[in-house]
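Novice: take this sequence and fold it.
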Amino acid sequence: MKVIRDIADFPQLSYPVVTSGTFDGVHIGHQKILRRVIERAKEKNGQSVVITYWPHPRLVLFPEDNKLKLLSTIEERIDQLSGFGIDYLLIIPFTKEFSRTSSRSFITDILVKALNTKLLVIGYDHRFGKNREGSFENLKARSAQYGFEVEEIPRQDIDDVGVSSTKIRKALEVGDIDTATLYLGRKYTITSTVIEGDKIGRTIGFPTANLALPEAHKLTPANGVYAVIVSLDNENYPAMMNIGLRPTVSGKDLSLEVHILDFNQDIYGKSITVEFVEHLRNEKMFSGLDELKTQLKRDEEATRKVLQV
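Specialist: Now for the predicted structure:
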């Protein structure tokens, strides 16, 4: 997949089949649209093109609302779209100035002049341009004038999936990994760097890799203990993860700790990806390290059972 961050660098393509959206999480609802874009591009011996935006529009338009959590960073979104088989990804910087672009300017300047769009595929409720004034009906009425076809994914096709990025966020915020996995069509992941911790886990036989907190608006699942898969140096390892404040050891700040099973390597400074498989239990306070150690042994047994290791 060719990633383009400056619209001036977009190449002349023979038959661009285009779609546009934030695609946070690239969930199964998004995937319906992407499959159609790829299918139509192949029919026309053309190219599949996705337009996306970064930062997320809500972060720019409502900066005071710092509660928004995203399912994917822009790097993760690029990786997800690339894995899906898209040919070209155009990332448009979303600014307040760009938000004032009229729907007509979006069509003429971006879709027509910059991309030479031949077919635009959109979801039934897709809106675009200043104040979301542009619509499928608007596009359809002027498609001949603009020189490209417009295809709308039927409402029933989208509604049958019954999924949105908001539903997935809400599931993760309560530790409902099964629902998030179902709607994403894959496991939810966090990628971070291993940092120095206080090494308490070593003293009770459960050394952990402490992770730097993800980017400010990347969603971290609910506090608790999880069975996870860790990807490190292109290898996968079974592990269990704790997200929380560590009340038993008087922790005050949110921490992300991963205990990789049957593993004993120095990985400080390395980047790892954590894939959430199952929520095992909520975080709780224990009477001391001995009780915590007993519970961690139970957690390890549960993790091995879930991950079948």
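Novice: low-confidence ranges, this structure, go.
Specialist: Low-confidence segments of the chain (pLDDT under 70): 66, 124-136, 155-162, 198-205, 247-252.
Novice: domains in it, by residue range?
Specialist: 2-163, 169-307 (automatic domain parsing).
Novice: as a markdown table, these with mean neighbour count would be great.
Specialist: Backbone N, C-alpha and C define where each C-beta goes, glycine included. Compiled in a markdown table, those are given as follows (neighbours: other Cβ atoms under 10 Å):
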| stretch | mean neighbour count |
| --- | --- |
| domain 2-163 | 17 |
| domain 169-307 | 16 |
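Novice: for the stretch 1-150 of the chain, which segments count as strands?
Specialist: Taking DSSP state E, counting those that start in this stretch to define them, one finds strands in the stretch 1-150 of the chain at 2-4, 16-20, 47-54, 88-93, 119-123, 149-153.
Novice: of those, which is nearest residue 262?
Specialist: Closest to residue 262 of these, according to Cβ to Cβ: strand 2-4, at 37.7 Å.
Novice: next one: the residue nearest the centre of the chain from residue 284, what distance?
Specialist: Taking Cα atoms, centre = their mean, the centroid of the chain lies closest to residue 72, which sits 2.5 Å from it. Residue 72 sits 30 Å away from residue 284, taking Cβ to Cβ, to the nearest Å as the criterion.
Novice: swap in residue 269?
Specialist: Taking Cβ to Cβ, one finds residue 269 at 31 Å from residue 284.
Novice: go on, residue 298?
Specialist: Distance, residue 298 to residue 284, using Cβ to Cβ: 12 Å.
Novice: and if you look at residue 295?
Specialist: Distance, residue 295 to residue 284, by Cβ to Cβ: 8 Å.
Novice: residue 180 now?
Specialist: Note on residue 180: its distance to residue 284, by Cβ to Cβ, is 22 Å.
Novice: ok so, going back, now distance to residue 275 too, for the strands of the stretch 1-150 of the chain, in a markdown table please.
Specialist: Listed next are these as a markdown table, based on distance: least, Cβ to Cβ, whole Å:
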| stretch | distance to residue 275 |
| --- | --- |
| strand 2-4 | 24 |
| strand 16-20 | 27 |
| strand 47-54 | 23 |
| strand 88-93 | 23 |
| strand 119-123 | 28 |
| strand 149-153 | 29 |
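Novice: that'll do, ta.
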